[in-house]
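K.L.:
Predicted model, plus sequence, below.
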Amino acid sequence: MTDVLNPPGSADAKTSVPLKPLGKVLAVTSGKGGVGKTFVSANLAAALAKRGLRVLVLDADLGLANLDVVLNLYPKTTLHDVFTGKAKLEDAIIRAPGGFSVLLAGSGMVEYSRLTPEVRDDFLRIMNGLVPHYDIVILDTGAGISDVVLFAVSLASEVIVVATPEPTSLTDAYATIKVLVGQQKRQTIRMVINQTARQGDGRAITVQLQQVLDRFVTTDPARPVKLVHMIDIPADPAVRQAIMRRQLLMVATPGCPAAMAVSQLAAKIEDTVIPRR
């Protein structure tokens, strides 16, 4: 936590300078919007909570948050209120369906469209207060490679990139991975391929992305970049039904194929990402 209290050059550093990541923080991000990133964050949190872990999801899409919509929550207090000193951090944390905690952000807030020193410092302060109280904090970031998104990802010790098999999604996923490798010196990036048509599609896609990375992204030979395929989440009509009803899939239809894939993802996360207690 010393690194959080005193991040390298916190006051003057350029936003592109990577920070030393915190422990127990998992960023769920994507190159393209609409690929199911928030769906994965929320349902993964529910699956981890079901395994007995203390989980908090922070909506790190500060200006265009929608985690509240997915969870059918109507918060009276958001991260913006904490940033501006109108509310205490503990008052902004609420319980979500699925048995985990959430810290929601606002929507349509242009002041969070870029990373200012104030937003950067407030974000670090919030994370410093949150991390010690949970087994894992999931950052549901915005899509793309804005400075706000990259800063949120820089706070995480582990990163999941969510993509679908569509060419535009894969192109944007590659671009995001390239930036994370170049700016943050990430060596391991975990992949979740959503809406797959066949079992094994996601692994094949991950292998293809790895081959492109190996060919076009120059890295230190002593520090190779590795994409880790975590899970395929199959295309499943139950997902759309749950989203339209603003329900968690893990609560509404826990036995459907997509929910079972998320459960398997949670088991892998617990085994490989979360420090042993």
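P.N.:
Alright, I've got the coordinates.

K.L.:
if I pick Phe123, what's in contact with it?
P.N.:
Applying Cβ atoms under 8 Å, 6 or more residues apart in numbering to Phe123 gives the contacts 151-152, 155. Where C-beta positions appear, they are placed from N, C-alpha and C, glycine not excepted.

K.L.:
Redo these as JSON lines? Include pLDDT, distance to Val137 and neighbour count.
P.N.:
Listed next are the contacts of Phe123 as JSON lines, based on pLDDT from 0 to 100; distance: Cβ to Cβ, whole Å; neighbours: other Cβ atoms under 10 Å:
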{"residue": "Phe151", "pLDDT": "94", "distance to Val137": "15", "neighbour count": "21"}
{"residue": "Ala152", "pLDDT": "94", "distance to Val137": "11", "neighbour count": "24"}
{"residue": "Leu155", "pLDDT": "94", "distance to Val137": "9", "neighbour count": "24"}
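
K.L.:
Give me the subset of these that lies in strands.
P.N.:
Using DSSP state E, the subset of the contacts of Phe123 located in strands is empty.

K.L.:
what about the strands in the protein?
P.N.:
Applying DSSP E to the chain gives strands spanning 25-30, 55-59, 93-96, 100-103, 136-143, 158-163, 188-196, 226-234.

K.L.:
Tell me which of the ones you listed lies nearest to Glu270.
P.N.:
Of all the strands of the chain, strand 136-143 sits nearest to Glu270, with 8.6 Å by Cβ to Cβ.

K.L.:
Alpha carbons only: can I get that closest one in PDB?
P.N.:
The C-alpha coordinates for strand 136-143 follow below in PDB (Å, rounded to 0.1, in the frame of the first residue of the first chain):
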ATOM      1  CA  ILE A 136     -10.500  -8.700  -4.700                       C
ATOM      2  CA  VAL A 137     -11.500  -5.300  -6.200                       C
ATOM      3  CA  ILE A 138     -12.700  -5.500  -9.800                       C
ATOM      4  CA  LEU A 139     -12.300  -2.300 -11.900                       C
ATOM      5  CA  ASP A 140     -15.000  -2.200 -14.600                       C
ATOM      6  CA  THR A 141     -13.200   0.200 -16.900                       C
ATOM      7  CA  GLY A 142     -14.400   2.100 -19.900                       C
ATOM      8  CA  ALA A 143     -13.600   0.800 -23.400                       C
END
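
K.L.:
pLDDT on that strand, on average?
P.N.:
For strand 136-143, the mean per-residue pLDDT is 95.

K.L.:
how far off strand 158-163 does that strand point, in degrees?
P.N.:
40 degrees (axes from the mean of the first three to the mean of the last three Cα atoms, to 10 degrees).

K.L.:
how about low-confidence regions in the stretch 1-150 of the chain?
P.N.:
For the stretch 1-150 of the chain, applying pLDDT under 70 flags the ranges 1-23, 107-109.

K.L.:
Give the closest residue to Val110 in space, chain neighbours not counted.
P.N.:
Leaving aside its chain neighbours, Val110 sits nearest to Gly63 (6.5 Å; criterion: Cβ to Cβ, 6 or more residues apart in numbering).
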